[in-house]
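K.L.:
pasting the structure only:
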């Protein structure tokens, strides 16, 4: 459990599948995430099982994003394609409950996830790919410290046209400057 | 079999494994490819079998680069990470016999491979990542028409330091045979 002020990152459980599905098949949500292929509940549960496997292997760490005020699951985020020698990983995040868009919750989840990646997994660089036509996401990534590093032309075919994507990345030294590691105060008796 | 002026792209035979490991364990060759780890004969044979599987599934297409005259194996090239919906793939190439560096054979192989990707596989975009230190390769990619698209900063660690990975891409509409 990684707790922030408004959201907490936690492991996914099988009964999250229903919540995820209710939002994930929404075309407006999915357009930024990948291809518009409807997914089923069994498929989603299989995916959740896979997140447990890949975490054990150390290749991927997937979290549910939960609202602190009511324990509602509003999205997922992950570090994947973790490379042990390069100490690099790709980041993905989706707040798929649209009701909670534009409230800074994604930003807080991103900060928690980067904190986890750099200070717990000891990564050196983290990158992400974002649709060029998703300015809301790009702004959030910039605010937590990502910078534009590359541009993929015609990278994604959606709704009849090819779209460009942007590669953004952040280095451990850059994150350390923005968010130095802080140790929680020792409790008495520890 | 795709034939150029000096070289041809052909499928791998198991007996190519011996040639592959002879050159592939050379650090000059390996440094820009992957993390150096001594490769065994059986490793290379298994890799060759995998190339047959992945091309059957349409996930990746790897070719042996051989001299046209003698059929001698001098390198490997391939298209991998194929995405059918986005019609894109990633390109890799290595001339692992150093005797044949600087003779334009790599350029010829890339042109044949691009032709295959765009004209046979109907791809829209072919991309690649190369190490920041590998200026010879960058020069070749630019000469062929690849456009620099930026980089992944410090994304690769080798020989004691972090290096940038430079992105290049080429669209079907830009490809001149």
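P.N.:
Sure, I can see it. Not measured: the values here are computed from a predicted model.

K.L.:
any stretches of chain B with poor pLDDT?
P.N.:
B:34-36, B:177 (pLDDT under 70).

K.L.:
redo that, cut-off 90
P.N.:
B:1, B:21-39, B:96-99, B:101-102, B:158-159, B:176-177 (pLDDT under 90).

K.L.:
tell me which element residue A:139 falls in.
P.N.:
Using DSSP states H and E, residue A:139 sits within helix A:135-144.

K.L.:
which other helices and strands contact that helix?
P.N.:
Counting contacts by 3 or more CB pairs under 8 Å, 6 or more residues apart in numbering or on different chains; DSSP states H and E, helix A:135-144 packs against helix A:105-119, strand A:125-131, strand A:161-171. In this view, the C-beta of every residue, glycine as well, is placed from N, C-alpha and C.

K.L.:
what's in contact with stretch B:127-146?
P.N.:
A:152, B:31-32, B:88-92, B:101-102, B:106-107, B:110-111, B:114, B:148-149, B:151-152, B:156, B:158, B:163-170, B:174-176 (CB atoms under 8 Å, 6 or more residues apart in numbering or on different chains).

K.L.:
please redo it, this time with the cut-off set to 7 Å
P.N.:
Stretch B:127-146 is contacted from outside by B:32, B:88, B:90-92, B:106-107, B:110-111, B:156, B:163-170, B:174-176, using CB atoms under 7 Å, 6 or more residues apart in numbering or on different chains.

K.L.:
tell me which of the residues you listed fall in helices.
P.N.:
If you go by DSSP state H, these have B:106, B:107, B:110, B:111 in helices.

K.L.:
which PyMOL command selects the buried ones in those residues?
P.N.:
The command below creates a PyMOL selection of those among the ones in helices among the contacts of stretch B:127-146 that count as buried (16 or more other CB atoms under 10 Å in any protein chain shown):
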select buried, chain B and resi 106+107+110+111
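
K.L.:
adding distance to chain A, write the ones in helices among the contacts of stretch B:127-146 out as TSV.
P.N.:
Below are these laid out as TSV (distance: CB to the nearest CB, whole Å):
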residue	distance to chain A
B:106	23
B:107	22
B:110	19
B:111	20
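
K.L.:
which pair of the ones in helices among the contacts of stretch B:127-146 spans the longest distance?
P.N.:
With CB to CB as the measure, no two of the ones in helices among the contacts of stretch B:127-146 lie farther apart than B:106 and B:111, at 9.7 Å.

K.L.:
for residue A:7, list each beta-bridge partner.
P.N.:
residue A:67 (DSSP bridges).

K.L.:
ok, residue A:147 next?
P.N.:
Taking DSSP bridges, one obtains residue A:169 as the residues bridged to residue A:147.

K.L.:
who in chain A is up against chain B?
P.N.:
For chain A, the contact set with chain B under CB under 7 Å from any CB of the partner chain comprises A:35, A:85-88, A:124-125, A:127, A:149-157, A:162, A:167, A:169, A:171.

K.L.:
coming back round to it: quick one: contacts of the helix holding residue A:139?
P.N.:
A:32, A:102, A:106, A:107, A:110, A:111, A:114, A:128, A:130, A:166, A:168.

K.L.:
if we use 8 Å, what do you get?
P.N.:
Applying CB under 8 Å, 6+ apart, the contact partners of helix A:135-144 are A:32, A:101-102, A:106-107, A:110-111, A:114, A:128, A:130-131, A:166, A:168, A:170, A:178.

K.L.:
quick check: residues of chain B near chain A?
P.N.:
B:35, B:85-88, B:124-125, B:127, B:147, B:149-157, B:162, B:167, B:169, B:171 (CB under 8 Å from any CB of the partner chain).

K.L.:
check those residues for burial and list the buried ones.
P.N.:
Among the residues of chain B next to chain A, those classed as buried by 16+ other CB under 10 Å are B:86-88, B:124-125, B:127, B:149-157, B:162, B:167, B:169, B:171.

K.L.:
check contacts around residue A:14.
P.N.:
Contact analysis of residue A:14 by CB under 8 Å, 6+ apart lists A:45, A:48, A:49.

K.L.:
keep only those of the residues you listed that are in strands.
P.N.:
Using DSSP state E, no member of those falls in strands.

K.L.:
any chance of the residues you listed in CSV with pLDDT as columns?
P.N.:
Output for these, formatted as CSV (pLDDT from 0 to 100):
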residue, pLDDT
A:45, 93
A:48, 94
A:49, 96
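
K.L.:
count of residues packed around the closest residue to residue B:117 other than its chain neighbours?
P.N.:
Nearest non-adjacent residue to residue B:117, counting by CB to CB, 6 or more residues apart in numbering or on different chains: residue B:123, 4.6 Å away. Neighbourhood size, residue B:123 [other CB atoms under 10 Å in any protein chain shown]: 23.
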